[in-house]
Each structure stands twice: as C-alpha cells, then as structure tokens.
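Participant: Please find the sequence and the predicted model below.
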Amino acid sequence: MKHGHILHRIIIAALLATVCVPAVNAQQTRQQRLRQHLYYLASDSLEGRLAGSEGGAKARQYVLNQYKEIGLKPYSGDGLFTFKPAKAMTSVMMGKGDLKNILMMIPGNDPQLKNEYIVLGAHYDHVGVKGGKVYNGADDNASGSTALIEIARELYAHRSELKRSIIIAAFDAEEEGLFGSKAMVTMLDTNIDKVKVMMSIDMVGWLSANDALIIEGSSTLSGGKEAMVKLADEQGMRLKLKGFEHSIMTATDTEPFAKQGQRPTLAVTTGLKSPYHKPEDDADLIDYEGLDRICTYISELTLRWATDQTPLEPSGKVAPKHRIQLRPFEIGPIVGFGSAGFRYPGSAFYGKTGLEGHIGIDSRFNFKKLSLQTEALFNIARMPKPNLDGTTVNDIFDDYTKETHSSVFVPVSLLWNVTPSGDLYLGAGANLRFMLNHTDIYNANLWGVHWTLGFRMGQIGFSAMVLHQLTPYYKDASKPKVTSIQSWFTISYML
C-alpha cells in the first residue's frame, strides 16, 4: 500500500506539471522567453543547425512547436513544405536529410484586404560543425528565429484587429544559397502577387553594440520610410534606414521576393558586429533587452500595416542588386590595370610588356540583350621600347628602354548580355587613343579594336579586355611598323 500511495502521488504530480507548464510559460516575461528560445536554438546539442542535419530538424521542430503553442494555423496542410535546393549540393555543404520551410498564417478579417499578405521571415539554419567546432549561430540566425516566435505571439494576440493576412515563414537552407525563400516564392506561384511587403529578420541580437536597428529597403515601399521613422520616434528606437540593400557580399531572404515582381522588401538587422560565422557566436553574447525592443518595434510596425486601410504600394524603386532587368541607361566610375607592350606586325616576336593603369567613366545604353558601352579613360602605360635606330634584329628586339605613354582612351563596345540582368556579357568594339605626350615622331591619334568579357554582381562589374592597336606609333615609314597590344582587368561601379 505504501508503494501504491507513492506511485499515486507521482502520477498526480506529473499531471499537475503537464497542466501547469503552459501557465508558467504564459507568466514568463518576453525577455525570459527570448532567452529560452535562443539558448535552445544556439545550443551545442543542435550542432550548428546545418540544413538537412539532425540538429537542423530539431530546430525546425522546436520552432514549429512554438508556433502551434501560440495558436498559429498552417498556411496549408501541416505547415511544413519540403523542397529541394535549386542546384546540386554536396554532403560537405549540408546534411542529407529533408529541407523544410515552416509557413504559418494569421488570417486578416477584411473581406478584401485579407487577400493581401505581409510576410515576416527568418531562417533557422546555420553552418553546422567545422573542424570539430560547433558554429552555434546565436546571432545568425537563432536571434531572428527567436524574435519571429515572439513577434508572431504578439500579432496573434491582436488577430481580431487584422485586416491584412500575415504569413510567418521560417526558412531552411538560407546559408547554402537562400534556397528556402526561393522555394517559398516558387511554391506561392501566382499567389506571390498577394505579397505586399516582405520583411527578413536576420541577425538582430546585437542592438546595444550597433546602437541602432538597421532596416535596408525603406525606399522600396511607398511611404515606408516615414512610417518607420514615426514609430521609432514614438518608441525611442534609433534607426539606421537605408533605401536599398547594397552589399554584394551578403544576401538575405528578401532577395527572391524582390526579384519576383520587384515587390517591397525590408532587411532588418543589427549588423555584422557579432562573431559572424565563427564558433564564438554563442547565446551568452546576445543583447536580450535590445532583442525585446526589436520585437516590440517590428510587431507594432506590422500591426499598423495589417490594420490600416491605406494601400501598401511599391515605390517603383528597386535595389540594383535585385534588378532582373538592366536599366535603360547606366553610368559610373571605372578603374583598372593590366599589361602593355609593343607589337611588330609580320613578326612572330611581340616584344616585352610593361604595366598600365586606367581610370575614368563607364556609361551604357541597355537594350535587353544588347548594350552600347562607351568609356572615357585616362591611361598611363609604361612601355618597353626597343632601339629602332639600328638595322639589325638584335638592335630592335634586345636593346630596350622604358617609355611612359599617357593618353585619353575611348573604347566603344557592343555587348551581348547572356542574361537579362547583364550578369554575364561578351563584347567587341573599336577604340581611339589621343596621345598626350606624343612628339613629332608619333601619330597623335591611334585606332584599334578590342574584345571584352565581363560579369556583374549588382552594381559592381568585373571585366577583362584585350586591345589591339591598328595605327602605327611612328610616322616615319622607314622605321619598322610598331603597334601595341594591351590586356586589361577592370572594375566598375554603376551609380
């Protein structure tokens, strides 16, 4: 009987604990819940949440459980959407398990506006284990996933007030190439037009270190900047607003949405001051008070958009890195370097080469597949010059001096854009060189032809060019015919 009595008490205690846990969670402050979420998602037991790994699956299940506890309903089905990456991945880059997004919905109540979506997204994956060290990714992006759970909780509490619908999206495989958000855009298909604004919450755990919340993309939403600044003033939140996302070295889950119909997108972050992609990015370094303030700000901003009748309209402006079509006209600075040397037509010997550098302006008129490029460059070339006073082969090819040539150089090229956004292009054209330090023995104007190959990453372009001069340098026909050949590498930035 004694053992039975003890067993009875254990069963009752277990039942009480089961009943009381939600109540205890409900009594927690938001900061306490943020700590709970983040310490779990950034724990060693999840082994860096690599996409397709067991740790990644555990993180996904935790986030899904939190959404269900809040009361969120799936966008469709069970809320889990399995996808495959857009390109082949190796087991070195990710695990072998399934890749899955979590998509939940808080429906709006207005008969018309409920068909308009505000998407709040955060990726839950990180980079796993490298060299025996766990990359926990507390800031990247356990912080964003954690914030999104509590933002969803706040928005769900105001669900009766919503006019527009809100999609809560937890993305997988962001680190490997934004594959989760790309899959969501594909999955939405024609419903993508219902997305009026998309916000990516990525690395938001270091507010105090940055002293401001950074929002990139404010110029993509009509009236977006004014609404964000007004709310920040009310809450005492310091903002760093950027009209567009500019960095070509980083990307977040806004990109697939911005490129699909060029809809308004906002990238929310506290910057890269945390130990980005390092093993030291741990939960104890997170600014939880700042994270709490960010949750308040994003929740209220989303509520205002979701409860207001005012249309959410794109501004018509888009970040250059998100363009899927080239602008009709582009202009910007260009700088480069390469090699230059004399060439002797009719001879198998080209001569020695020296260094050259150039700086100037690059301009383009774009016509879908074709572009007309005109550059105006100041060019300096240190040319190895042979002694042309003698008549022997050795006099010409073996006796060199260094000669500096400066010129204004104008190449005009017809480019074929392999992709609509001009990410890769081929071209050819003619060029004219105006010699600035010529003497009576040189021709002042030199004509030539060239070939070019280039690629672009947003506003920054990289190109290689080979140039053959056709006009001889020397006016004196008695001297051997001498032209030049140059090879350039150039970097440009389109404003």
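Facilitator: Looks like it arrived, so ask away.
Participant: Please make it C-alpha for all contacts and neighbour counts, starting now.
Facilitator: Fine.
Participant: Residues in contact with stretch 435-442: which ones?
Facilitator: Residues lying outside stretch 435-442 but in contact with it, judged by C-alpha atoms under 8 Å, 6 or more residues apart in numbering, are 405, 406, 407, 408, 443, 444, 445, 446, 473, 474, 475, 476.
Participant: how long is it end to end?
Facilitator: 9 Å (C-alpha to C-alpha, to the nearest Å).
Participant: And for stretch 417-433?
Facilitator: Stretch 417-433: ends 26 Å apart by C-alpha to C-alpha.
Participant: Can you show me the helices along the protein?
Facilitator: Counting by DSSP state H, the chain has helices at residues 2-27, 30-41, 54-70, 143-157, 179-188, 207-210, 224-235, 254-259, 288-307, 393-398.
Participant: between those, which gets nearest to residue 246?
Facilitator: Closest approach to residue 246 among the helices of the chain (C-alpha to C-alpha): helix 254-259, 11.6 Å.
Participant: got the CA coordinates for that closest one in CSV?
Facilitator: What follows is helix 254-259 as a C-alpha-only set of coordinates in CSV (Å, rounded to 0.1, in the frame of the first residue of the first chain):
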residue,chain,number,x,y,z
THR,A,254,14.4,39.3,-49.2
GLU,A,255,16.2,38.6,-52.5
PRO,A,256,13.9,36.0,-54.1
PHE,A,257,10.9,38.2,-53.3
ALA,A,258,12.5,41.4,-54.6
LYS,A,259,13.4,39.7,-57.8
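Participant: tell me which strands and helices it is in contact with?
Facilitator: helix 179-188, strand 195-201, strand 265-269 (3 or more C-alpha pairs under 8 Å, 6 or more residues apart in numbering; DSSP states H and E).
Participant: list the contacts for the closest residue to residue 448 other than its chain neighbours?
Facilitator: Nearest-residue entry for residue 448: residue 469, 4.0 Å, with adjacent residues in sequence omitted and distances by C-alpha to C-alpha, 6 or more residues apart in numbering. By C-alpha under 8 Å, 6+ apart, residue 469 lies in contact with 446, 447, 448, 449, 483, 484, 485.
Participant: sorry, back to before: who wins for proximity to residue 307 among the helices and strands packed on helix 254-259?
Facilitator: Set against residue 307 and scored by C-alpha to C-alpha, these come closest in strand 195-201, at 13.7 Å.
Participant: the inter-axis angle of the closest one versus helix 179-188?
Facilitator: Counting by axes from the mean of the first three to the mean of the last three C-alpha atoms, to 10 degrees, strand 195-201 points 160 degrees away from the direction of helix 179-188.
Participant: okay, the angle between strand 195-201 and strand 265-269?
Facilitator: With the same axes, to 10 degrees as the basis, strand 195-201 and strand 265-269 are set at 20 degrees to each other.
Participant: any idea how far residue 179 is from residue 295?
Facilitator: In this view, residue 295 and residue 179 are 26 Å apart by C-alpha to C-alpha.
Participant: Repeat that for residue 265.
Facilitator: Counting by C-alpha to C-alpha - residue 265 and residue 179 are separated by 17 Å.
Participant: ok, back up a step: can you tell me which of the helices of the chain has the worst average pLDDT?
Facilitator: Among these, helix 2-27 carries the lowest mean pLDDT, a mean of 42.
Participant: how far out from the middle of the chain is stretch 288-298?
Facilitator: Here stretch 288-298 is found 24 Å from its chain centre; the criterion is C-alpha atoms, centre = their mean, to the nearest Å.
Participant: And the contacts of that stretch?
Facilitator: By C-alpha under 8 Å, 6+ apart, the list of residues contacting stretch 288-298 reads 30-31, 34-35, 143, 147-148, 150-151, 204-208, 213, 231-232, 235, 237.
Participant: Are any of these buried, and if so which?
Facilitator: For the contacts of stretch 288-298, a neighbour count by 16 or more other C-alpha atoms under 10 Å gives the buried set as 30-31, 34-35, 143, 147-148, 150-151, 204-207, 213, 231-232, 237.
Participant: For residue 307, list the residues it contacts.
Facilitator: Contact partners of residue 307, counting by C-alpha under 8 Å, 6+ apart, are 161, 162, 163, 164.
Participant: Kindly present the residues you listed as TSV, with separate columns for neighbour count, distance to residue 324 and pLDDT.
Facilitator: Listed next are the contacts of residue 307 as TSV, based on neighbours: other C-alpha atoms under 10 Å; distance: C-alpha to C-alpha, whole Å; pLDDT from 0 to 100:
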residue	neighbour count	distance to residue 324	pLDDT
161	16	37	97
162	24	33	97
163	24	32	97
164	27	28	98
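Participant: can you list the weak-confidence ranges in this protein?
Facilitator: By pLDDT under 70, the low-scoring segments of the chain are 1-26, 86-93, 248-249, 345-351, 385-400, 438-439, 478-480.
Participant: Okay, domains of it per the record?
Facilitator: Per the record, the chain has its domains at 29-322, 329-493, by automatic domain parsing.
Participant: Can you say which of the ones you listed is packed in most?
Facilitator: Comparing those by mean neighbour count (mean count of other C-alpha atoms under 10 Å), domain 29-322 comes out on top with a mean of 20.
Participant: Can you check the distance spanned by that one, start to finish?
Facilitator: This stretch, domain 29-322, spans 39 Å end to end (C-alpha to C-alpha).
Participant: Likewise for stretch 181-200?
Facilitator: One end of stretch 181-200 sits 10 Å from the other (C-alpha to C-alpha).
Participant: Stretch 201-213 now?
Facilitator: OK, stretch 201-213 end separation, C-alpha to C-alpha: 11 Å.
Participant: Name the surrounding residues that touch that stretch.
Facilitator: By C-alpha under 8 Å, 6+ apart, the surrounding residues in contact with stretch 201-213 are 120-123, 138-145, 147-148, 237-240, 252, 267-274, 286-288, 290-291, 294.
Participant: what do you get if the cut-off is 6 Å, keeping everything else the same?
Facilitator: Outside stretch 201-213, the residues that touch it by C-alpha atoms under 6 Å, 6 or more residues apart in numbering are 122, 139-141, 143-144, 238-239, 268-270, 286-287, 290-291.
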